[in-house]
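Chemist: pasted the sequence and its predicted model underneath.
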Amino acid sequence: MRLDVRFVDRVGIAQEILAVLAGRRFNVVAVEVEPPHIYIDAPALADADLAGVRRALQQVGGVVDTVEVDLLPGARRRLDIDALLAAMADPVLLLDARGVVSAANAAAVAVAGVNEPGLSGVPLGELLGALAVQEELVASGFRTPVREVTLHGEPFLLDATPVDAGASAGAGHTAGGVVTLHSPRRVGERLQALQTFSSVGGFDAIIGASPAIRALKARAARVAAVEAPLLVRGETGTGKELIAHACHLASPRRDATFLALNCAAMPESLAESELFGYAPGAFTGAQRSGKPGLLEMANRGTIFLDEIGEMSPYLQAKLLRFLGDGRFRRVGGDREIQVEVRVISATHRNLEQMVLDKEFREDLFYRLNVVNLDVPPLRERGEDILILARHFLERACAQVQSPTCRLSSTASGALLASSWPGNVRQLQNVIFRAVTMSDKAILDAADLELAGSSVEGGGLAAGEGRDPGSWEQAIADFEKGLLERLYPLYPSSRKLAAHLGTSHTMVANKLRKYGIGDRQDAMPRHREHPPARE
């Protein structure tokens, strides 16, 4: 039984309390004094003895109360620390002032391949096979920059934190240090957590109900499970990275790391060090400890290479060799590293034509194009434009903390009439700009500023490139262009009216006015109200 005896502190009271238990011949195996408490562990003390012991202790001057506890505070702290260490996925070692291991968590024991008693008392330099690392840690008081080390053939980044020896030892003195070993894969997991993907994730994050997007999702779900390189093709702004991330989440690697590199966003030398990492002292300005690349950090996971068509010939050759056997060398390194990574690449360029023009390696193209997906442009997903617009509208209002607004029928028509050369990204930007620049509860076509949102000079309707001559002619050009664009998708006045959220009579009149579609369909039936005046 374990007791907590609360007392008023005075000289000799702890000795008198223990004398009570000794007089009753109870063996005490542990005592912790933390005034106004003395904690006692007496294993032979039973429930039947507690009342008598409590009465005897009350006779000791200064004893206030005696209660039973489940653990002594020291044992509780050790249990809590052990639980914290066991929950840490990274190997953690506690070293004394000489750099010798005094304690380790389960992850460190597993990596070292020995039990914890066998690990305690081992010098860190012997464990890592690098005496210089231990000497540097001890000499600096465990205040060294992060550096790369190897434990049982596995690379780790060593991070040291000094343990203060206390005020009595003087400023700057340490009692040892805590060493944490971060594996590149764990670093990759943390890096992935900082990347911004949809909060929904997976194929649910791909918004749309058009036949084109439904077919894409169905095919993507099949290729996601295939353990082979995947090539995603599509125009700029179609959401290729979103598709790649969804395929990762639907694959057997869903619980592993997903990291991305834009091959067009950096020069060749920087892209090489980002992808493959670099060895210590590889170049001027490099970290002294070296740096793992994305391939190491994504080990057992997925790497996404965006704009693969912009990759330099030198990097194409190096990537080709990696795809062959999973091995590579860091920049400036002489040691081969092997990882197991699925490569998903994406491009908006015509790789077949680039192969013919000798701008892209043919053998690399066939390595990357084992399975493929073609992401349709927004202009081929007419049914999805308003669905996406409403989604972006809701999100933009939440971002700028403005009241929820909606689109007018003319704004919806303008969105449907646009050719969207920038695809979904352009649509998102148009909606966000309209929300931030307008205080209206209902956004009109003019609020969208579509005329200035296209680099191609495309308009809202046919004839924008010429001077319409009058306001009425401009409206007529817009209406005709909109109806000509939508009628093939909704080939009846009723379907088209339902889609635009307006009356069947008005749509029928406009179709007849501009000579679009079947004249019989464009004519309102005799039971309808007479055509509204324009």
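Modeler: Right, received. Where do you want to start? Numbers count the residues shown, from 1 in each chain.

Chemist: shouldn't Arg98 be within a helix?
Modeler: No - counting by DSSP: H, G, I helix; E, B strand; the rest coil, Arg98 is not found in a helix; it is coil.

Chemist: tell me where the stretch 401-534 of the chain has helices.
Modeler: 409-417, 423-437, 445-448, 471-486, 493-500, 504-514, 519-522 (DSSP state H, counting those that start in this stretch).

Chemist: what angle separates the first one from helix 471-486?
Modeler: In this structure, helix 409-417 runs at an angle of 50 degrees to helix 471-486, with axes from the mean of the first three to the mean of the last three Cα atoms, to 10 degrees as the basis.

Chemist: now swap in the second one and tell me
Modeler: Between the axes of helix 423-437 and helix 471-486, defined by the same axes, to 10 degrees, the angle is 140 degrees.

Chemist: for helix 423-437, packing partners?
Modeler: helix 385-399, helix 445-448 (3 or more Cβ pairs under 8 Å, 6 or more residues apart in numbering; DSSP states H and E). C-betas here are computed from N, CA, C, even on glycine.

Chemist: tell me the mean pLDDT over the last one?
Modeler: What that stands for is helix 445-448. Average pLDDT, helix 445-448: 88.

Chemist: residues making contact with that helix?
Modeler: For helix 445-448, the surrounding residues in contact (Cβ atoms under 8 Å, 6 or more residues apart in numbering) are 408, 410-411, 413-415, 430-431, 434, 437-438, 440, 460.

Chemist: ok, those residues vs Asn262, which is closest?
Modeler: The shortest approach to Asn262 among the contacts of helix 445-448 belongs to Val430, at 23.3 Å (Cβ to Cβ).

Chemist: what's around that closest one, how many residues?
Modeler: Other residues near Val430 come to 24 when the count uses other Cβ atoms under 10 Å.

Chemist: what residues are up against it?
Modeler: With contacts defined as Cβ under 8 Å, 6+ apart, the neighbours of Val430 are Leu415, Leu448, Glu449, Leu450, Ser453.

Chemist: which other helices and strands does the strand ranked longest in the chain contact?
Modeler: In the chain, taking DSSP state E as the definition, the longest strand is strand 154-164. Applying 3+ Cβ pairs under 8 Å, 6+ apart, one finds that strand 154-164 makes contact with strand 147-151, strand 174-182, helix 184-194.

Chemist: need those in TSV (columns: mean neighbour count, mean pLDDT and distance to Phe328).
Modeler: TSV is the format used below for the helices and strands packed on strand 154-164 (neighbours: other Cβ atoms under 10 Å; pLDDT from 0 to 100; distance: least, Cβ to Cβ, whole Å):
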stretch	mean neighbour count	mean pLDDT	distance to Phe328
strand 147-151	17	82	16
strand 174-182	20	88	21
helix 184-194	17	65	13
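
Chemist: pLDDT weak spots in the stretch 1-150 of the chain?
Modeler: The stretch 1-150 of the chain contains residues with pLDDT under 70 at 115-118.

Chemist: any idea where the strands of it begin and end?
Modeler: 2-7, 30-34, 37-41, 63-69, 92-96, 101-104, 147-151 (DSSP state E, counting those that start in this stretch).

Chemist: mind giving me CSV with those strands and columns for distance to Asp49?
Modeler: What follows is the strands of the stretch 1-150 of the chain, written out as CSV (distance: least, Cβ to Cβ, whole Å):
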stretch, distance to Asp49
strand 2-7, 11
strand 30-34, 18
strand 37-41, 13
strand 63-69, 11
strand 92-96, 40
strand 101-104, 37
strand 147-151, 52
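
Chemist: tell me which of the ones you listed lies nearest to Ala86.
Modeler: Smallest distance to Ala86 across those (Cβ to Cβ): 10.1 Å, for strand 92-96.

Chemist: which residues are in contact with Leu45?
Modeler: Shown in contact with Leu45 (Cβ under 8 Å, 6+ apart): Met1, Leu3, Leu21, Phe26, Val53.

Chemist: these two touch, right, the last one and Leu18?
Modeler: No - counting by Cβ atoms under 8 Å, Val53 does not reach Leu18; the two are 11.9 Å apart.

Chemist: more neighbours: the two, which one.
Modeler: Set Val53 next to Leu18 and count neighbours by other Cβ under 10 Å: Val53 wins out with 20 against 17.

Chemist: low-scoring stretches of the stretch 251-400 of the chain, by residue?
Modeler: 284-289.

Chemist: residue boundaries of the helices in it?
Modeler: Going by DSSP H, counting those that start in this stretch, the stretch 251-400 of the chain shows helices at 268-276, 294-297, 313-325, 351-356, 362-368, 385-399.

Chemist: let's have those in a markdown table, adding distance to Asp334.
Modeler: Formatted as a markdown table, these follow (distance: least, Cβ to Cβ, whole Å):
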| stretch | distance to Asp334 |
| --- | --- |
| helix 268-276 | 13 |
| helix 294-297 | 16 |
| helix 313-325 | 15 |
| helix 351-356 | 33 |
| helix 362-368 | 25 |
| helix 385-399 | 49 |
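
Chemist: with respect to burial, which of these scores highest?
Modeler: Among the helices of the stretch 251-400 of the chain, helix 294-297 has the highest mean neighbour count (mean count of other Cβ atoms under 10 Å), at a mean of 23.

Chemist: just the CA trace of it, in CSV.
Modeler: What follows is helix 294-297, C-alpha atoms only, in CSV (Å, rounded to 0.1, in the frame of the first residue of the first chain):
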residue,chain,number,x,y,z
LEU,A,294,12.4,15.1,-51.8
LEU,A,295,13.0,11.5,-53.0
GLU,A,296,14.4,10.5,-49.7
MET,A,297,11.7,12.4,-47.7
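
Chemist: for it, name the packing helices and strands.
Modeler: If contacts are counted by 3+ Cβ pairs under 8 Å, 6+ apart, helix 294-297 sits against helix 184-194, strand 258-262, helix 268-276.

Chemist: I'd like these as a markdown table, with distance to Ile516 appended.
Modeler: Converted to a markdown table, those look like this (distance: least, Cβ to Cβ, whole Å):
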| stretch | distance to Ile516 |
| --- | --- |
| helix 184-194 | 51 |
| strand 258-262 | 43 |
| helix 268-276 | 51 |
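
Chemist: I'd like to know how far the closest residue in space to Arg186 that isn't next to it in sequence sits from Ala19.
Modeler: The shortest distance from Arg186 to any non-neighbouring residue, by Cβ to Cβ, 6 or more residues apart in numbering, is to Asp90 (6.0 Å). According to Cβ to Cβ, to the nearest Å, Asp90 and Ala19 sit 49 Å apart.

Chemist: what's the answer for Ala75, then?
Modeler: Taking Cβ to Cβ, one finds Ala75 at 24 Å from Ala19.

Chemist: all set, thanks.
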